[in-house]
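Enquirer: structural data only, the sequence is not supplied:
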């Protein structure tokens, strides 16, 4: 990936106003409400996690960032994605994947990077409405 542009679907602490979002404000070019197919979980009421697939919708935002490579490297560190190239690395808390995000305002879709949960689901609570409240 060139340093250029990163398009990321965020659904929790990286959403605008979220705990980790501010450090990326200077790189964010825009933000749109969007959704994906998946299941949203609460991890100890601290932060959310997503598993892709199924018929449920997860609501979040699609962000475009300049300095994409640097932004993704910083997000990898936040998300515990030690080896972004290896999808089943047991040391990854989250994996970096690609998903098709659907904009909530129209029928447009865009491929976006997403961080998906890589650890056990035991004990995690499903968030039925698919929305992580900041």
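Expert: On my side now, so go ahead. As the structure is a prediction and not an experimental result, all values here were calculated from the model.

Enquirer: quick check: mean pLDDT across the lengthiest strand in the chain?
Expert: Secondary structure assigned by DSSP state E gives strand 47-65 as the longest strand of the chain. What strand 47-65 shows for mean pLDDT is 97.

Enquirer: elements contacting it?
Expert: Packing partners of strand 47-65 (3 or more Cβ pairs under 8 Å, 6 or more residues apart in numbering; DSSP states H and E): strand 6-10, strand 28-43, strand 94-103, strand 109-117. The way it works is simple: take the backbone N, C-alpha and C, and place the C-beta from them, glycine included.

Enquirer: any chance of JSON lines for these, columns distance to residue 84?
Expert: Shown next, in JSON lines, are the helices and strands packed on strand 47-65 (distance: least, Cβ to Cβ, whole Å):
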{"stretch": "strand 6-10", "distance to residue 84": "12"}
{"stretch": "strand 28-43", "distance to residue 84": "19"}
{"stretch": "strand 94-103", "distance to residue 84": "4"}
{"stretch": "strand 109-117", "distance to residue 84": "9"}
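
Enquirer: which one of those strands lies nearest to residue 125?
Expert: Of all those, it is strand 28-43 that lies closest to residue 125, at 4.6 Å by Cβ to Cβ.

Enquirer: contacts only, for residue 57.
Expert: By Cβ atoms under 8 Å, 6 or more residues apart in numbering, the residues touching residue 57 are 35, 36, 37, 38, 130.
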